[in-house]
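Colleague: sequence-free structure coming up:
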């Protein structure tokens, strides 16, 4: 019986190919505008999704793609994930040379079959079949056909008619046939900016989409590229039925079906945690104790098995094993807090240094990370449970300033996480230096970092002494030749969330000699060295996702053998991107150098880019300005 | 004073040594330890490591290898938690060659209120994964890990294979004690070798003993005796000599990691045991490898190597088409080399044995390194040239110091042009005559001749790869600079350029240059011979640089290499443990012509200078001349020695710092 179905399926696919325009297999027929800045052209990509029930859909894809060069090989897309609930029925690929002549054919068993364990994960039960093809010549064309039966409908493949940077699309279609009787939800974004139309109900077609080239400081690809998301209002996640009309009932489903039965704790830990918190005066104080207890007890280990990687491991198991992934550790912390009477919400979010929102207008399985939210009067405290070192409530640089889904007993709700402002994100450098007549400087520097800057610096304390030294030499002060680190001391104040680096350095011949002059750049420790690239025409808008304030005060005592010939006038610049000021004063043989750079958070149009670049260039110029000394001897 | 300290140290060590290493016999002292006694910065330490390898005779299977591992690891802090997760690699090609993992047992120990608390690793912490068609791995992560935890595990790998995996005697964390013992039956001879580049050598003891071994096997019915299909069980006992290698070592220092190390395992203390011969009673002696001659011969005689060289029919007339028009051997070589490069593409796999075989690889246009380079050799030979394979160990395979078949993993081609020997590797697109992928430049390779005889040949590069930069600068009264730049790259410098910028469009190239200085505008870029590896790469472009002259007070300052100067020395650590390999000698030359702006004159020029490293192993010269409104500057940097040894490192570092400072020196101008 199974055999017959398979036969029918594969003959179905073959007729489809025969119906394809032969033209698509030859490189000559590609429109010129699609070749510009493209490593690959998607000639034809047809996705058909047939939903027959709340727990079943069939995904059929026929794809023709022409690859121009090595970089384009990554765009082949000739792979298919599978697991217990995803069955690959048909999988086939053919390769054609640039004239459209078939040169190689791969059947299902010719595909490589490996575990799909992502980096940083110890184990996952997902697998992938992928095409391992060594191109003989460029360009070449791939025809890829697959048919897959999904018995889990929580993740229905959406559509990205422009697949990524440097990839154009000649024709792409996407169609959903829904005979399940259950309503589906579809959300499209940015379709209006591109030649995409809906041919009939739930059937879309895109034609001649040029490639997009990445540009510095541009926002997320998905925020301006066309995208379609789809979800079923009743779905199945590996044996668990779910409801999803709104975020509210999706959250309620998560709470009832995935989380609530995983929070039982062993009696010993219940006693321990009650004992630890018995003298705490407030919920926040209790939460702090619980968070530290969890941080000390557990470590992050990622194991992805069962229920689509969405159900947390039992709190009991976390307690016994003392490890877990983000879901397990968040859930465990929540169970502990519940035990001491502090309410908290399991939270689904995109963890990324870029600001990526959960789409508040489209309830569905989204996000890639779990954190914990503690309501505290009108605000929320966010706990990153996978970190053993984070201060309580610190969430900069990974889960800050974005929409997240909190799961309350009443259902799901979208809320915004904490934003760290330019005035909170500070890096303050103070230095007391001595400059001798050979240009060598030495002295003590203190760097204080707060807010998102704290996260940029704090990791240093956990590295080996050699790595710490190399960090200063190769990263932070890579422009300082002959730098020697003589002493390092770090203070991490987790209560006020400040990281302090005390460093003593010597930089021999920092000032360069020119005849009897000595050229000295007073901004020793925080010069802007890289500026935004120039674009003939900037196409994409740009964003500064996190602002900051960087402040420097240096006292430089120079040798009596030197006298100042010339130096810089004060500078002060102010614009919508931020501000920059520089001031040098001299009393006797002490130079006081003060600099402050404020960069604001903001979203700007492509037209503003040139002005922003000019701002950065002028900062660079002022940062590099010099004092000229004359040697008296 | 120092003596007293040492004495005290020895005493404490002896106390440590008097510990119980039986599985599960953890002491409170071990759990209480806060840092390692000898390496206080260690994040974890192996308190005890025991490995026993033995061969037991089993009916229907023959000798089976048992590899018993027992380790006790102390975790001092959270940076050491990674040692609580282990991966065990198991061979898994087919059901009769499959390794089995048995006797698995693992515990975590913690000190809880002064008592030892143990947590057993249960099934939910053990994971199996098939990683390739030949291997699978068992991964496990220990429960209940805290700062100060001790983990202990043991298991046995049971393998039908006779090959013994390398035995590590050093790790990235210190090891307090190792007990190692391997017993091999007389039928199998293993050559035992310690890594000679390691800074630590374990002491090995060798001995022999006899053991009475029971043999039993099923004797198949005699051929021709149809009908009597029953096999007969044959059993007997016999004294077998076992060869033993043992080591009992204490206080093994951790292996120090460092940047710019080609392959850290080159410096790891480890024991290599390669099966060199097999001789069962009453069967012929089978020599597998003992000397490099034998190793090479064994490889040569394989049907995946030597036989492949003798096949020629598959390329038919293609050879004569490829060599048509060539008037000398060098042109012939070049044409055949180029033909093979375009005809067969590399599938990413290193090997000296062919994968598909030359015929199939040629037909399909895809092959591994051996497929491709053996085709090249066969074609060159067919064209009447003296071409031979050279067995090589790539850098990540380590330096081939021991005569084992694993000592090599790659094959290239050596061809005699009549004037010299030319090395070739047709597997990568930008290689050329005597320009090989850098991974291949690993000390020496073994050249094998048609008759199976072989010799070493030096793989190190003698000829300097050149980078010539001519820079024309016109300084303008608005303080900007304009002009034209031409760069020329030869040999390995050209290979580097081609590899880095292969897929760059003109716009991308401009962006890359402009990124060196924000005020820079680059135009009219031209790159020639990018895809003709036998020729140098030439790059030229025009530029405009704003604020090239910096006005401070009465004077104007500028750096004559503009944005082309080396901004920082790449060598920043004060000392080194391992050599730095620069791969090939280089020679860089800047020729700078500067036209001063009208109405300006020189206030001061940098002094001429010559710097040297280790006599003439490195040489830097700086020569500047004033000629009316023109300045002429020539800077050269030659690095003739490619291996910087640790004792010379400090001098080398200083040499680099001085030259970086020198080329950053400013020319000062003033208005007339």
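Modeller: Arrived safely. A quick note: this is a predicted structure, and the numbers were derived from the prediction, not measured. Numbering: from 1, shown residues only, chains lettered A, B, ... in the order given.
Colleague: where do the strands sit along the stretch 251-400 of chain A?
Modeller: A:299-300, A:303-304, A:323-324, A:345-349, A:369-376, A:379-383 (DSSP state E, counting those that start in this stretch).
Colleague: same question but for the stretch 51-200 of chain A, I mixed them up
Modeller: Using DSSP E, counting those that start in this stretch, strands in the stretch 51-200 of chain A cover A:56-67, A:79-82, A:86-96, A:102-106, A:112-115, A:123-124, A:127-130, A:140-150, A:167-178, A:184-189, A:196-200.
Colleague: could you point out which of those strands sits nearest residue A:375?
Modeller: strand A:184-189 (28.9 Å; Cβ to Cβ). (C-beta placed from N, C-alpha, C; glycine too.)
Colleague: counting by contacts, list what that closest one packs against.
Modeller: The contact analysis (3 or more Cβ pairs under 8 Å, 6 or more residues apart in numbering or on different chains; DSSP states H and E) places strand A:184-189 against strand A:167-178, strand A:227-232.
Colleague: recalculate using a threshold of 6 Å.
Modeller: strand A:227-232 (3 or more Cβ pairs under 6 Å, 6 or more residues apart in numbering or on different chains; DSSP states H and E).
Colleague: angle of the strand it packs on against strand A:196-200?
Modeller: With axes from the mean of the first three to the mean of the last three Cα atoms, to 10 degrees defining the directions, strand A:227-232 sits at 40 degrees from strand A:196-200.
Colleague: helix or strand right after strand A:227-232?
Modeller: With elements assigned by DSSP states H and E, the helix or strand that comes after strand A:227-232 is strand A:234-237.
Colleague: so what strands line up beside the next helix or strand after that following strand?
Modeller: As assigned by DSSP H and E, the chain's next helix or strand after strand A:234-237 is strand A:240-243. Under the criterion DSSP bridges, strand A:240-243 sits next to strand A:234-237 (antiparallel) in its sheet.
Colleague: give me the number of residues near residue A:178?
Modeller: Other residues lying near residue A:178 total 17 when counted by other Cβ atoms under 10 Å in any protein chain shown.
Colleague: hmm, residue A:52 and it touching each other?
Modeller: No: applying Cβ atoms under 6 Å, one finds residue A:178 not in contact with residue A:52, separated by 8.6 Å.
Colleague: show me what contacts residue A:226?
Modeller: With contacts defined as Cβ atoms under 6 Å, 6 or more residues apart in numbering or on different chains, the neighbours of residue A:226 are A:161, A:190-191, A:194, A:196.
Colleague: compute the number of surrounding residues for residue A:184.
Modeller: Around residue A:184 sit 18 other residues, with neighbours defined as other Cβ under 10 Å.
Colleague: roughly how far does it sit from chain B?
Modeller: 36 Å (Cβ to the nearest Cβ, to the nearest Å).
Colleague: got a list of what that residue touches?
Modeller: For residue A:184, the contacting residues are A:178, A:232, by Cβ under 6 Å, 6+ apart.
Colleague: near chain A, which residues of chain B?
Modeller: Counting by Cβ under 6 Å from any Cβ of the partner chain, chain B comes close to chain A at B:78, B:81, B:127, B:129, B:141, B:143-145, B:345, B:347, B:365-366, B:503, B:511, B:514, B:518, B:552-553, B:568-569, B:572, B:604, B:657, B:660-661, B:665-666, B:668.
Colleague: phi, psi of the nearest residue in space to residue A:295 that is not next to it in sequence?
Modeller: Of all residues not flanking residue A:295 in the chain, residue A:388 sits nearest, at 5.1 Å (Cβ to Cβ, 6 or more residues apart in numbering or on different chains). Dihedral angles of residue A:388 (phi, psi; degrees, to the nearest 10) stand at phi -90, psi -10.
Colleague: I'd say residue A:388 and residue A:296 touch.
Modeller: No: look at residue A:388 against residue A:296 with Cβ under 6 Å: they stay out of range, at 7.6 Å.
Colleague: so for the two, which sits in the more crowded spot?
Modeller: A direct count of neighbours by other Cβ under 10 Å for residue A:388 and residue A:296 places residue A:388 higher, at 16 against 12.
Colleague: name the residues that touch the helix or strand where residue A:406 lies?
Modeller: Take DSSP H and E as the rule and residue A:406 turns out to sit in strand A:403-408. Contact partners of strand A:403-408, identified using Cβ under 6 Å, 6+ apart, comprise A:251, A:254-255, A:345-349, A:357-358, A:360, A:373, A:412-417.
Colleague: can you check stretch A:211-219 too?
Modeller: Residues from elsewhere that reach stretch A:211-219 (Cβ under 6 Å, 6+ apart): A:37-38, A:165-168, A:532-533, A:540, A:542-543.
Colleague: any idea how far it is from the chain center?
Modeller: Relative to its chain's centre, stretch A:211-219 lies at 15 Å (Cα atoms, centre = their mean, to the nearest Å).
Colleague: how about the residue of chain A found nearest chain B: what's its closest non-neighbour residue?
Modeller: With Cβ to the nearest Cβ as the measure, residue A:566 is the residue of chain A nearest to chain B, at 2.6 Å. Nearest non-adjacent residue to residue A:566, counting by Cβ to Cβ, 6+ apart: residue B:553, 2.6 Å away.
Colleague: and the pLDDT at the closest residue to chain A within the stretch 551-672 of chain B?
Modeller: As assessed by Cβ to the nearest Cβ, chain A sits closest to residue B:553 within the stretch 551-672 of chain B, at 2.6 Å. pLDDT recorded at residue B:553 is 87.
Colleague: then residue B:223?
Modeller: For residue B:223, the model assigns a pLDDT of 57.
Colleague: so, low pLDDT: which residues of chain B?
Modeller: By pLDDT under 70, the weakly predicted segments of chain B are B:1-18, B:220-230, B:289, B:401.
Colleague: nearest residue to the middle of it?
Modeller: What sits nearest the mean C-alpha location of chain B, by Cα atoms, centre = their mean, is residue B:396, with 2.1 Å.
Colleague: can you tell me the closest non-neighbouring residue to that one?
Modeller: Residue B:396 sits nearest to residue B:263 (Cβ to Cβ, 6+ apart), 5.4 Å away.
Colleague: from chain A, how far off is the one you found?
Modeller: Taking Cβ to the nearest Cβ, one finds residue B:263 at 20 Å from chain A.
Colleague: which element, helix or strand, includes residue A:573?
Modeller: Taking DSSP H and E as the definition, one finds residue A:573 inside strand A:571-575.
Colleague: just checking, what packs against that strand?
Modeller: strand A:578-587.
Colleague: that older thread, in CSV, list the strands of the stretch 251-400 of chain A along with mean pLDDT and distance to chain B.
Modeller: Shown next, in CSV, are the strands of the stretch 251-400 of chain A (pLDDT from 0 to 100; distance: least, Cβ to the nearest Cβ, whole Å):
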stretch, mean pLDDT, distance to chain B
strand A:299-300, 95, 5
strand A:303-304, 82, 7
strand A:323-324, 94, 7
strand A:345-349, 98, 22
strand A:369-376, 97, 20
strand A:379-383, 97, 18
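Colleague: so which of the ones you listed is the most surrounded?
Modeller: Among the strands of the stretch 251-400 of chain A, strand A:323-324 has the highest mean neighbour count (mean count of other Cβ atoms under 10 Å in any protein chain shown), at a mean of 26.
Colleague: what's that one in contact with?
Modeller: So strand A:323-324 is in contact with A:298-299, A:301, A:313, A:318, going by Cβ under 6 Å, 6+ apart.
Colleague: now with 7 Å?
Modeller: With Cβ atoms under 7 Å, 6 or more residues apart in numbering or on different chains as the test, strand A:323-324 has contacts from A:298-299, A:301, A:313, A:318, A:332, B:141.
Colleague: can you list the strands of the stretch 251-400 of chain A in JSON lines and add distance to residue A:215?
Modeller: Output for those, formatted as JSON lines (distance: least, Cβ to Cβ, whole Å):
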{"stretch": "strand A:299-300", "distance to residue A:215": "35"}
{"stretch": "strand A:303-304", "distance to residue A:215": "35"}
{"stretch": "strand A:323-324", "distance to residue A:215": "40"}
{"stretch": "strand A:345-349", "distance to residue A:215": "27"}
{"stretch": "strand A:369-376", "distance to residue A:215": "27"}
{"stretch": "strand A:379-383", "distance to residue A:215": "31"}
